[in-house]
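Colleague: Pasting the sequence and the predicted model now:
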Amino acid sequence: MSKRLAVLIAAAILPALTFAVPAHARAQYPYKLIDPGTFGGPSSYVMLPGLPITGDGTVLGQADTPARDKDWPNCFACMDPFIQHAFAWRDGRLTDLGALPGNNSSGIFELNAQGVGVGGSENGRTDPYMGGPAQVAVLFKNRKVISLGTLPGGAESFAQDITGQGQVAGNSSNGTPDPFPNPYVFFPWGTETRGFAWRDGVMHDLGTLGGADTLQYAQNDRGQIIGVSYTNSTVNKATGYPTVDPYVWQHGHMTDLGTLGGHLGFANWINDAGQVIGVSNLARDKNAQPFLWQDGHMRPLPTIGGEWGAANWISPRGNVAGVYLVHHKYVHGFLWRGGHMTDLPPVGGAPTASGNGVNDHGQVVGNENNHGNEVIAVLWSGGHGYDLNTLVAPNPMQMISADYINNRGDIFGHGVLPTGDQRVFLLIRNPAVPLPPASPPARPLPPITGPPDRSISIILALHATHRGFMPAPSARH
């Protein structure tokens, strides 16, 4: 999904937070750490899935303002007791993209080459189904926040992706009660979840594969949309829900990608070549494997040892990063490249590792997880694993997860300050300082951790464990 993107310009511009590190000290490390800062509140947050770093180096997310959120904690999209606004950061400047009028929060997922962003904003209305404040899909365009509304009868929506041609993709509720609400897959909106495509001022329901609900997850720059959908209304004994299959939607047609034999599958990412990766249950729904779908065919990416696994990301040239279960109790990341699967074990002392993103050079980023909490942001490169906190100058932030890496080697993720406040970070590669020739010894695990890991792979693992068709990962090494 290679997009040449541009930064939005808005009225409010604030400087990024810089840590007091001498220039000579920064020059000794492979990466420079940047905290884009906030709008006066304590925290900033990632907005995933989506592309959080654009082609011109703009970082996207949402950040706290000083204003208290009167709806906290009874709100679907709020992250903490403060109002958050969507932001775009570039070259040391943090731009407030605003929100719909009122005491409303907003967030941005993506920005296209024309400087048009997409995301969601509260609109000041009450959701009649959930009782809290409603959120709707929005465009960030020409210094304005423009509501895209919802599908007929719906109260909630948000937009995740936009192409260079302006096709927007996202999710919306509708006015139909959901006969099979599934909090592991679809949104708990009280009505059906439907993916949508918005073009030329009109929001189009993507439809379904035959069941009630559809989830939109990603879109490439060709306008191909992926997600999952119920295929029928027959509850399966193994999963407790109707069959869920991944799909590709293009030019008004939804294609069922099928599964590897089971009744549950997820599509997690698509590149501009149309290659789709994800995870699918095998026959009898006792195990699940990563998959790659291309040219109309789904193929498994067998994990080392054949145990449970999930593919999280695919690079423009087809490198795949993900997570898998080792010896029935350990969870490691993996890199699939050129037909070969490489194990990516934890390097920082935690029991669990996950590969979240990968670039065309085979560099994988992810996190380590301790008892369900993110604790260490990780890079695997050149056959070695690195705690990213050891590759930057000393600073107050504990980087707990690396979520995306581009082909320049710049890394986007999130961390925690000693106060417990969360922050988005950007790591810029310093080419004058090579990576260490070997992985450094593991440090003691940090006393501060992030929130529970809600990445798609962890959600899938919890879902599978809950339904009894995979062993639960152990918290012990």
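Modeller: Looks like it came in fine.
Colleague: Can you measure across stretch 299-318, start residue to end residue?
Modeller: In terms of C-alpha to C-alpha, to the nearest Å, the two terminal residues of stretch 299-318 are separated by 14 Å.
Colleague: ok, residue 126 touching residue 132?
Modeller: Yes - proximity of residue 126 to residue 132 meets the contact threshold set by C-beta atoms under 8 Å, at 7.2 Å. To be clear about C-beta, it is placed using only N, CA and C from the backbone, and glycine gets the same treatment.
Colleague: out of the two, which sits in the busier spot?
Modeller: Remark: of residue 126 and residue 132, residue 132 carries more neighbours, 19 against 13, as counted by other C-beta atoms under 10 Å.
Colleague: what pLDDT does that one get?
Modeller: pLDDT recorded at residue 132 is 91.
Colleague: How about the contacts made by it?
Modeller: Counting by C-beta atoms under 8 Å, 6 or more residues apart in numbering, residue 132 makes contact with 71, 74-76, 126.
Colleague: how many neighbours does residue 149 have?
Modeller: The number of residues packed near residue 149 is 16, by other C-beta under 10 Å.
Colleague: Report the mean per-residue pLDDT for stretch 376-389.
Modeller: 96.
Colleague: quick check, residue 284 in a helix?
Modeller: Yes - counting by DSSP: H, G, I helix; E, B strand; the rest coil, residue 284 falls inside a helix.
Colleague: ok, it - how many residues close by?
Modeller: Neighbourhood size, residue 284 [other C-beta under 10 Å]: 11.
Colleague: With residue 339 instead?
Modeller: 6.
Colleague: Identify the bridge partners of the residue nearest to residue 53 when sequence neighbours are not counted.
Modeller: Leaving aside its sequence neighbours, residue 53 sits nearest to residue 412 (C-beta to C-beta, 6 or more residues apart in numbering; 4.9 Å). Taking DSSP bridges, one obtains residue 404, residue 426 as the residues bridged to residue 412.
Colleague: how far away is residue 412 from residue 147?
Modeller: To residue 147, residue 412 is 28 Å away according to C-beta to C-beta, to the nearest Å.
Colleague: Between those two, tell me which one has more neighbours.
Modeller: Higher neighbour count among residue 412 and residue 147: residue 412, with 24 against 14, using other C-beta under 10 Å.
Colleague: Just confirm residue 229 is within a helix.
Modeller: No - using three-state DSSP, the assignment for residue 229 is strand, not a helix.
Colleague: Return the residues in contact with residue 397.
Modeller: Residue 397 is in contact with 19, 33, 35, 415-417, 423, 425, counting by C-beta under 8 Å, 6+ apart.
Colleague: Mind giving me the ChimeraX select for those, buried ones only?
Modeller: Here is the ChimeraX command that picks out the buried ones among those, judged by 16 or more other C-beta atoms under 10 Å:
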select :33,35,415,416,417,423,425
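Colleague: From the contacts of residue 397, which land in helices?
Modeller: Counting by DSSP state H, no part of the contacts of residue 397 is found in helices.
Colleague: is it true that residue 331 touches residue 310?
Modeller: No - Residue 331 lies out of contact with residue 310 (C-beta under 8 Å); the separation is 10.3 Å.
Colleague: With neighbour numbers in mind, choose between the two.
Modeller: The residue with more neighbours, out of residue 331 and residue 310, is residue 310; 31 against 26, by other C-beta under 10 Å.
Colleague: Neighbours of the residue nearest to the more buried one when sequence neighbours are not counted, how many?
Modeller: Nearest residue to residue 310 in three dimensions, chain neighbours excluded: residue 279, at 3.7 Å (C-beta to C-beta, 6+ apart). Here the number of neighbours of residue 279 (other C-beta under 10 Å) works out to 30.
Colleague: which two of the contacts of residue 397 lie the greatest distance from each other?
Modeller: 19 and 416 (14.4 Å; C-beta to C-beta).
Colleague: Which of the contacts of residue 397 sits closest to residue 316?
Modeller: Using C-beta to C-beta, residue 425 is the member of those that lies nearest residue 316, at 23.5 Å.
Colleague: quick one: what helix or strand has residue 335 in it?
Modeller: Take DSSP states H and E as the rule and residue 335 turns out to sit in strand 330-337.
Colleague: Equivalent analysis for residue 95, please.
Modeller: For residue 95, the host element (DSSP H and E) is strand 93-98.
Colleague: who does that strand pair up with?
Modeller: Paired with strand 93-98 in the same sheet, following DSSP bridges, are strand 13-15 (antiparallel), strand 82-90 (antiparallel).
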